[in-house]
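Enquirer: everything below, folded, please.
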Amino acid sequence: MSRLHSTYRFFLYMLGLAVALSALSSVEAVAQETEAARPLERVDVEAPERRPAARATPEVGRGDEESRLPTTESSRDDRRPSAPTATGTVGPASSLSVVTDKPQVSLSAESLPAQVQAITPQDIRGINFWGTNSDLFTQIAGIKSLTWGQGLIGMAISMRGFNTYDGVALFVDGVPQNFPSHTGATGKSEISWLAPEVIERIEIIKGPFSALYGDFALAGVVNIVTKKSERSPSLTSSGGSFGTFRAFGVFSRETWVPTAYLPYDYYHIDGYRDNSQIKWISPFNKISVPILGGILSLRYNYFNADWGAPGYWPIDWVKSGEVDRKRAFNSSDGGYMSRSELVLNYAPASGERGFHATLYYEDYHPIRFGTFLPYGSSQFARQDDRRHWGGRVFYNLVFGDIGALIVGGETRQDSGEAQQYNTVGRQRTTTTYGYNLRLSNWALFLQGQIKPAEYLKIVGGVRWDYFRQYFDNLGRPQNSGTGCPSIQSPKIGFVITPTENFNIFGNIGQGFRSPSNLEMSPFRANSRSDFSLEPAMVRTYDIGFNAALFGNLFLAADYYHTYMQREIRMVNNNPTVIGDTVRKGYELEGKFYPGNSRDFSIFGSYAWVDARVIDPINPGQFLVPEVSEHVIKGGVSIQRNFGEGRNLLADLYYQYTSGAPYYRSSGTPAALATPIFGPDFDVYNFKLTYTGTGWSSFFSAKCRPREYSSDYTWVSNNLLV
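Expert: Numbering: from 1, shown residues only. Below is the predicted model:
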């Protein structure tokens, strides 16, 4: 381990020296815009047989856990341009987009020597949005995105075998969306307040390879940048089955200075099942103004929602007809949420060189009522009332096309109350646990890029994070206290372009997750506190390539290997440390534009991951719960222009995910060690959009052909639900 760290330190020292020397010949950086390209859809395939539930090995060819590694990074802010795409290449927006004529020195995520994908407004136009932002990721290779179907209790974006509640960091305009020590699960996130129409760009960085991101960036980062304006005011309304109605209006014009961007979103749906209604209102207010050579944006958004929760029935009960599939488990389940946020962003008006800043403050108040098996048991409530504020500042030094260095720091401060209690008809009875919490995170980071040759770029970085976590354990006061964990997370990577439009990249990187309240200050009887816990660490290495061939074919492949400490998973509805884990996997992706035309395109992708527990706390439970081994996607997009502003766009895409494994929590040793696999799941999406001058209309449909399947299943009271 010390040898590995010394290697990182040596690289960072050499990188800093090289950048300093190159500054002597500093050249003005030229910002270039990436051409936005259309994304496409998916095709049906059967997955291979399930992997056996055998013991995991810490690492192929290595006997020591310390031999797993850390690596590279990048991110972009509101005003940052994308890395340029080579003339004549095919680099679709929702693709691995490192394809360039030479490795670029840039802040943009595409400049990372890593697997990076992006979603643009053009992509979003072709996506079926049915009241959940998980729909935004249904066309992205290797991503399993879903909602739990129980109202607005969070969204799961899964990549490389991790979810947003335990290993995928989510940001909106530089503001972290993961909540540490949340009552539902540490790292939980929920972005229903963000309408798809307000999104300018989504960047997906796979792997812990950017020093600009810290807590929960284990499998990667989803960075969302919102719009600053629209060309003109607009109003959209839509209706559909199950009582669906949505109205979305925007008051904005891009020529105004200051530039106002004022969207308003209203949504309601009764739902397919009883007690599955959702309703929200969400004003989103953003004003941008040029100042001191940069753009200052001030955003205030408010979100208020309430919902019902139909609950989870055992699949076998539904199959046998014992219960009707539409029946609610408990008609008083559901919840409500209010959140308000104030965000300030500043970035250079042109180019990437210079000062960047983000400041934010948020008030967050969700509560969820739920009932699980055994049927008739007491309802519970999970409530999380908190305020969190913080910010990030950094300066980007650009030295022509030779190198760049980012120097910055950030902080996040959380305070509030997290509690769970028993209820009957939403009326409180007894308390399960309660915490008053004060959480602080301070960080410094460096990230540099250098091009020693036209065909080679090296990227490296390091973060230093320090936490101060105070937990006042109301139910078990003897476990109250303060922990002060800290961690250093280095990253390094390279991209080689041996010939035009062909890239080979590799990375080693380290990420982390801060300890949760249930780890440091457990609430159960006979449990003991442990405030000496350090952040749970992940080490990852990956290697891959991408290429644009013949002007109309895009291919990409990536292999990764990840080691994780103290992984937390939901077991029978309780966050549980299952032990240290290891993952290995690969992703393949292809896009084809027949006849070099962007009016017709085909895409497909396949992702495989094997996730295992090295030394399971529960003997024999070697598979990591909730991780689907196979994700297959494919589709087609057709666009026709009829002149005079008339345009027709058709998107048809398919997604298949294999059933995830789960384990029982009681029974014989043999039963406990035998995994229960959920059913395989697939879904077809179709959207047809017709646009005229100043107006457009659309029709969308979604089909889930497997009768006893869902995008999310799990085991409750030893039954698959």
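Enquirer: CA only for contacts and neighbour counts going forward, please
Expert: Noted.
Enquirer: remind me, longest strand of the protein?
Expert: Once the chain is assigned using DSSP state E, the strand that runs over the most residues is strand 427-453.
Enquirer: okay, and for the stretch 101-250 of the chain, where does confidence drop off?
Expert: Applying pLDDT under 70 to the stretch 101-250 of the chain picks out residues 101-103, 109-110, 164.
Enquirer: that one: strands as residue ranges?
Expert: 115-119, 143-147, 155-159, 168-172, 175-176, 199-206, 220-226, 234-240, 244-252 (DSSP state E, counting those that start in this stretch).
Enquirer: check the stretch 501-650 of the chain too.
Expert: Counting by DSSP E, counting those that start in this stretch, the strands of the stretch 501-650 of the chain are 502-513, 536-549, 553-571, 574-592, 600-613, 630-643, 646-657.
Enquirer: these: which one's closest to Ser108?
Expert: strand 502-513 (16.3 Å; C-alpha to C-alpha).
Enquirer: who does that closest one touch, helix- and strand-wise?
Expert: Contact here means 3 or more C-alpha pairs under 8 Å, 6 or more residues apart in numbering; DSSP states H and E; on that basis strand 502-513 packs against strand 486-499, strand 536-549.
Enquirer: which of those is buried the deepest?
Expert: strand 536-549 (a mean of 24; mean count of other C-alpha atoms under 10 Å).
Enquirer: and that one, average pLDDT?
Expert: Averaged over strand 536-549, pLDDT sits at 92.
Enquirer: that one to strand 199-206, inter-axis angle?
Expert: Here strand 536-549 runs at an angle of 110 degrees relative to strand 199-206 (axes from the mean of the first three to the mean of the last three C-alpha atoms, to 10 degrees).
Enquirer: can I get the strands of the stretch 501-650 of the chain in CSV with distance to Gly667?
Expert: Listed next are the strands of the stretch 501-650 of the chain as CSV, based on distance: least, C-alpha to C-alpha, whole Å:
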stretch, distance to Gly667
strand 502-513, 32
strand 536-549, 30
strand 553-571, 15
strand 574-592, 18
strand 600-613, 20
strand 630-643, 29
strand 646-657, 29
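Enquirer: so which of these is the most packed in?
Expert: Counting by mean count of other C-alpha under 10 Å, the most buried of the strands of the stretch 501-650 of the chain turns out to be strand 502-513, with a mean of 26.
Enquirer: that one to strand 553-571, inter-axis angle?
Expert: 10 degrees.
Enquirer: can you list contacts of stretch 523-532?
Expert: 433, 473, 475-476, 479-485, 519-522 (C-alpha atoms under 8 Å, 6 or more residues apart in numbering).
Enquirer: and it, how far apart are its ends?
Expert: 17 Å (C-alpha to C-alpha, to the nearest Å).
Enquirer: quick check: mean pLDDT across it?
Expert: On average, stretch 523-532 scores 89.
Enquirer: what residues of that stretch count as buried?
Expert: 523, 528-531 (16 or more other C-alpha atoms under 10 Å).
Enquirer: among the contacts of stretch 523-532, which one has the most neighbours?
Expert: Ser521 (27 neighbours; other C-alpha atoms under 10 Å).
Enquirer: now do the contacts for that one.
Expert: 471, 473, 479-481, 528-531.
Enquirer: next one: Ser628
Expert: 161, 609, 657-661 are the contacts of Ser628 under C-alpha under 8 Å, 6+ apart.
Enquirer: and the gap between it and Arg463?
Expert: From Ser628 to Arg463 the distance is 31 Å (C-alpha to C-alpha).
Enquirer: and the residue positioned nearest the centre of the chain, bridged to which residues?
Expert: Computing the C-alpha centroid of the chain and ranking residues by C-alpha atoms, centre = their mean puts Val222 first, at 4.2 Å. With beta bridges defined as DSSP bridges, Val222 has these partners: Leu170, Ile204.
Enquirer: surely it touches Gly167?
Expert: No - between Val222 and Gly167 there is no contact under C-alpha atoms under 8 Å: 11.0 Å.
Enquirer: contacts for stretch 215-223?
Expert: For stretch 215-223, with C-alpha under 8 Å, 6+ apart as the criterion, the contacting residues are 75, 159-162, 166-174, 178, 187, 202-209, 213, 510-514, 538.
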